Every structure is written in C-alpha cells, then in structure tokens.
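this one's structure only:
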C-alpha cells in the first residue's frame, strides 16, 4: 500500500493536484482536457502537457467546471480565443466538411470502381459467343498442327 | 482501359503531390486567430512603472496601436527588440504586455536593451494573454481606433514584418 502511494506520488508530482466535489465533475475535467489541444506542444492534449500555458488552461477548465459552466461553454471559451485548432475533434463546418466526408467519398469511389469492375468482368463472360468459341477452338487447333 | 489503368494513378499522384506541395508552405506552428476583426478583449492592467496606475482597453480607443506580448525570459523577444525600437522611432505606438514575468527582471531588461514601449502593462498571471489567444511569446497585435484587432503577428517581428505592420498602420491612419 505504501509502495503504491509512493508510486502515485512520484507519477503525479509534476501535475497540479485537481480536486472536485463530485466524481462527475472530475470525469468531465478529464474528458475536456483530453479533447483540448495544447497550443505550445501541438501534438499533445492538455492532459498530457506540462507547458505553462497548458497548466493555465487546465486551471481555467477546472475553475469553470466548479463554477458550473457546461462543457459547451468551456469549449466555446477556448475556441473564442484559439479557434477550432484547440479542439482535437473539429466541428462540422464548410471548412471541415471535406475532412468529415472525405472517408465516405473515398469509400463511395472504391465501391464505384469495384462495381464497374464486377460489371465489366460479367459482361466479358457474356460476350464469349458461339462464334468466338469456334474461333478460339480454331486458333488452338492451328497451333496443334 | 489502358488510359484508365495508367491515367487514374497518375491523376491521383498529381493531386496528392499538389496538396503536399501546398502543405510544405504552411507553417504548422501558425494558429490562425479567431479574434481578427473582432473587438480586442477587455482588460485593465497595472503598468510596469506603477502598479497603482491601471490601463484598460478603453484608454486606448482613438489610437492605432500595437500590442507586443513579451517577457524577459523570452529569448525570441531579444531578437525582435531592435526592430521594435526602430518601429517606435518611426512613430509607431507600441504597448508592451509583459507576460508572466518577474517585475524586477522586466525592468532590468528594459534598462539594458532600451525601451520601445509607450507603456508597459503587466499581465503577471497570464489571463489577459489567454483572452488574446496568446500561445507563444512574442506575439504582436495591431489594434485600430475602434479597439478592433486588425492583424496579429506570431513570433519575433523581423524587418520585413515591421514594414508590413507600419504599412498597415499607415493604411488605417488614412482610412479614418
């Protein structure tokens, strides 16, 4: 038990101790800081970052949760200042439509090509008529001679 | 058929190549500010010389001014400093936002390197910085007479950036 306590102590010593009244608030906090991008080290979320600004923003998230702000209000606060970039999950807008629909478009394109391919290969089997079969046999016979 | 077999991958390659080439020109560290052409966030901060004197965004209305976010701990601020001095000499109003700095270090820094700022306001906790969407120091904002942010420069101001900023100031000046 003591060992476990020590382990946790060292692992979390660099992170500000965050306390909430309810588990639900703590859960919301964890969810929000994992969805918000750290502006300084851009490939990390706030939860993973120890940059000064990330800590400031985490404190703001915490304060706003305690104040009773909704998740939407907190995310709005962040996007008002840092734009959609701060969100790891960008909202659907005219600018990001291609990003959201891109995979679907590629799937449709792939299905389209597949369908065309299948249809064509089916048509090929149909077009081998008696005439052609005869000619094929003829050609094969020619080679035998 | 042959055209499809070789043409399609070729077209695909060209499209991807164009996007990648355009991507090379983008600076991944540049985060576009949503605050451009919006009213500058309200603030009321003490000055570096006297923490009893408060300067607010209201006080700056009617002026075209630059807000330069700096700190004595910021290495890039030292790089842009001579440029700011020359801009101030050319008549630009530059207000320094001393961001999360130690008072004595900031005062000493200005004494050592000279002071381009008409005023220096102190954002010790960094809240005003966050309101302005500051994510790296230095950053420079251009604010018009109506208190609107018209332009934001991220990173140290180089000589050509200074020319651009001064041109924008002159343009705003002629508009009003």
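Ah, there it is. Here the structure is a predicted model, which means the values were calculated and not measured.

pLDDT below threshold where in the chain?
Unless you meant another one, I'm taking chain A. Low-confidence segments of chain A (pLDDT under 70): A:1-17, A:123-127, A:144-145.

meant chain B actually
B:1, B:176.

what sits against residue B:105?
Residue B:105 is in contact with B:72, B:73, counting by Cβ atoms under 8 Å, 6 or more residues apart in numbering or on different chains. In this view, the C-beta of every residue, glycine as well, is placed from N, C-alpha and C.

residue B:112 versus that one, what's the distance?
10 Å (Cβ to Cβ, to the nearest Å).

beta partners of the residue nearest to the spatial centre of chain B?
Centroid-nearest residue in chain B: residue B:140, 1.9 Å away (criterion: Cα atoms, centre = their mean). Under DSSP bridges, the beta-bridge partners of residue B:140 are residue B:68, residue B:153.

doesn't residue B:157 make contact with it?
Yes: proximity of residue B:140 to residue B:157 meets the contact threshold set by Cβ atoms under 8 Å, at 5.7 Å.

quick check, the residue in chain B closest to chain A?
With Cβ to the nearest Cβ, the shortest gap between chain B and chain A falls at residue B:135, namely 3.4 Å.

and for the closest residue to that residue other than its chain neighbours, the neighbour number?
The shortest distance from residue B:135 to any non-neighbouring residue, by Cβ to Cβ, 6 or more residues apart in numbering or on different chains, is to residue A:39 (3.4 Å). Number of residues near residue A:39 (other Cβ atoms under 10 Å in any protein chain shown) recorded here: 25.

show me where the chain has helices.
In the absence of a named chain, this looks at chain A. Listed in chain order, the helices of chain A (DSSP state H) span A:2-12, A:23-35, A:52-67, A:71-82, A:97-127, A:130-144.

you answered for a different chain; I wanted chain B.
Using DSSP H, helices in chain B cover B:2-25, B:75-89, B:103-113, B:127-131, B:159-175.

how about those in JSON lines, adding distance to residue B:152?
Formatted as JSON lines, the helices of chain B follow (distance: least, Cβ to Cβ, whole Å):
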{"stretch": "helix B:2-25", "distance to residue B:152": "19"}
{"stretch": "helix B:75-89", "distance to residue B:152": "14"}
{"stretch": "helix B:103-113", "distance to residue B:152": "22"}
{"stretch": "helix B:127-131", "distance to residue B:152": "13"}
{"stretch": "helix B:159-175", "distance to residue B:152": "10"}
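
contacts for stretch B:76-95?
B:55, B:60, B:63-68, B:70-71, B:113-114, B:116-121, B:137-138, B:155-159, B:161-162, B:165-166, B:169.

can you do 6 Å?
B:63, B:65-68, B:70, B:113-114, B:116-119, B:138, B:156-157, B:162 (Cβ atoms under 6 Å, 6 or more residues apart in numbering or on different chains).

what does stretch A:103-110 give?
Contacts for stretch A:103-110 (Cβ under 6 Å, 6+ apart): none.

gap between that stretch and the chain center?
Relative to its parent chain, stretch A:103-110 has a centroid offset of 17 Å by Cα atoms, centre = their mean, to the nearest Å.
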